[in-house]
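> fold the stuff below for me.
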Amino acid sequence: MDMLITFLQSTGFALLTWQHLLMILIGSVFLFLAIRLKYEPLLLVPIGLGMIIGNIPYPDTLSLGVDDEGSVFYFIYQGVKLGIFPPLIFLGIGAMTDFSSMIANPKLILLGAAAQVGIFITLLGGLALGFTVNQSAAIGIIGGADGPTAIYLSAILAPEMLGPIAIAAYSYMSLVPFIQPPIMHALTTKSERKIRMEPPRNVTRRELIIFPIVGLIITALVVPATMTLLGMLFLGNLLKECTVTDRLANTARNALIDVVTILLGFSVGLGTLGENFLQLSSLKIFTLGIIAFSIATACGLLFARFMNLFLKTKINPLLGAAGVSAVPQSARVVQKVGQDADPQNFLLMHAMAPNVAGVIGSAVAAGVLLSKLAQ
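Numbers count the residues shown, from 1 in each chain. Alright, predicted model coming up:
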């Protein structure tokens with residue numbers, strides 16, 4: 001009987017708390033959304049299962065969790081904690097990204113820059129709610145709608161908030177089709193949404209090869225702290241565009257990014273421990289995150305309208321909403337909202353210009369914050 005009682009006391013059931021149960025429930029909801037509703041399954045399946053595993057309690061005599069040095073999950077989580085996974089994600093993104101639409105119409109880069117204003121406005125909001133400047137900066141980067149960048153920055157500036165920030169960033173990336181359209185309708189008129197863009201010029205292979213080289217040199221010299229993320233992004237893009245490393249580019253945009261996405265999502269889930277995640281600060285983070293993302297979308301839209309005051313050939317202001325770096329979700333939302341106003345209006349390729357510019361912009365913003373705040 002004593003052995004039975006001892007065994008029962010060592011099971012996870014005996015150690016369960018309401019925080020564990022609630023986080024396991026949230027993880028199960030993520031799995032339901034991914035499997036049953038097919039909603040962002042590539043993200044939500046590893047995050048959801050990681051959340052369940054990370055919140056199954058175990059005796060102190062065992063070393064199983066992400067905080068137990070020497071455990072398997074501890075070593076997997078180091079990819080997030082040490083900022084290894086996000087640059088590898090950027091390598092894969094670079095190998096998938098076509099910068100031709102941005103090169104063909106450089107003025108659309110300004111829309112990607114304008115959308116990053118939300119990051120710095122949210123930083124001020126975080127300070128007003130009592131967060132430290134490092135924590136506020138990590139929260140603000142959620143406005144860039146770039147999960148890997150948010151994880152990379154928070155791992156360095158505010159590791160104690162890595163779990164909530166990562167979940168918030170990926171949640172709002174997944175919710176782009178629901179968050180952006182109301183803002184787009186509120187800040188543009190139907191006639192503006194009907195504006196058709198001129199076909200972009202053809203970009204030469206030489207331009208596509210030169211761009212990642214020149215882009216890396218300029219961004220690294222201006223903000224050296226961006227080299228980790230943008231160095232990998234431009235490396236992946238150069239592998240794709242130079243045509244002599246097709247095998248490497250194919251590996252980066254397929255096998256590598258798939259493996260790292262699994263490990264990154266799973267690690268994010270593992271790190272959402274109930275006792276740390278279920279706090280008032282997490283609610284504040286989610287609130288600031290949605291504010292950051294909304295402000296970023298609004299800034300892109302309003303700046304596009306501002307540009308039209310000086311342009312002879314008007315641009316469709318919906319393109320400004322694609323300035324956040326949720327690639328390619330935001331560009332697809334722009335396409336859908338534009339076709340709701342005019343079924344013959346095709347904005348997807350044009351929207352990819354500010355969309356990929358937003359990827360660069362959010363990384364530059366993160367580099368600026370790192371250069372000022374990292375110890």
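
> please count neighbours and contacts with C-alpha atoms only from this point.
OK.

> which residue comes closest to Asn254 once chain neighbours are left out?
Gly92 (7.5 Å; Cα to Cα, 6 or more residues apart in numbering).

> wait, that neighbour touches Gly236, no?
Yes. Here Gly92 reaches Gly236: they are 6.2 Å apart, a contact under Cα atoms under 8 Å.

> what do those two both touch?
Shared contacts of Gly92 and Gly236 (Cα atoms under 8 Å, 6 or more residues apart in numbering): Ala252.

> for the residue nearest to Asn254, helix, strand, or coil?
Secondary structure for Gly92, judged by DSSP: H, G, I helix; E, B strand; the rest coil, is helix.

> pLDDT at it, what is it?
pLDDT, Gly92: 95.

> report the separation between it and Val334.
Shown here: Gly92 relative to Val334, a distance of 24 Å by Cα to Cα, to the nearest Å.

> now the residue nearest to Asn254: how far from Ile285?
Counting by Cα to Cα - Gly92 and Ile285 are separated by 28 Å.

> kindly report the same for Ile47.
Look at Ile47 and Ile285: by Cα to Cα, they are 18 Å apart.

> what about Leu233, neighbour count?
Counted with other Cα atoms under 10 Å, the neighbours of Leu233 add up to 27.

> quick check: it touching Phe90?
Yes. The pair Leu233 / Phe90 is scored as a contact, 4.8 Å apart, by Cα under 8 Å.

> in the protein, which helix is the longest?
Longest helix in the chain, counting residues (DSSP state H): helix 280-308.

> quick one: list the elements packing against that one.
Judged by 3 or more Cα pairs under 8 Å, 6 or more residues apart in numbering; DSSP states H and E, helix 280-308 is in contact with helix 109-114, helix 117-128, helix 133-140, helix 162-174, helix 176-187.

> same thing but at 6 Å, please
For helix 280-308, the packing partners by 3 or more Cα pairs under 6 Å, 6 or more residues apart in numbering; DSSP states H and E come out as helix 109-114, helix 117-128.

> which one of those helices lies nearest to Ile257?
The closest of those to Ile257 is helix 109-114. By Cα to Cα, the value is 23.9 Å.

> give me the neighbour count for the nearest residue to Leu369 once chain neighbours are set aside.
Using Cα to Cα, 6+ apart and skipping residues adjacent in sequence, the residue nearest Leu369 is Ala137, 6.8 Å away. By other Cα under 10 Å, 29 other residues sit near Ala137.

> just the pLDDT for Ala137.
90.

> just Gln9 next, same as before
Gln9 is given a pLDDT of 66.

> and if you look at Leu280?
The model reports Leu280 with a pLDDT of 84.

> do Gln78 as well
Predicted confidence (pLDDT) for Gln78: 92.

> so how far is Gly70 from it?
Using Cα to Cα, one obtains 11 Å as the distance from Gln78 to Gly70.

> go ahead and confirm the residue nearest to Asn254 touches Ile257.
Yes. The pair Gly92 / Ile257 is scored as a contact, 5.2 Å apart, by Cα atoms under 6 Å.
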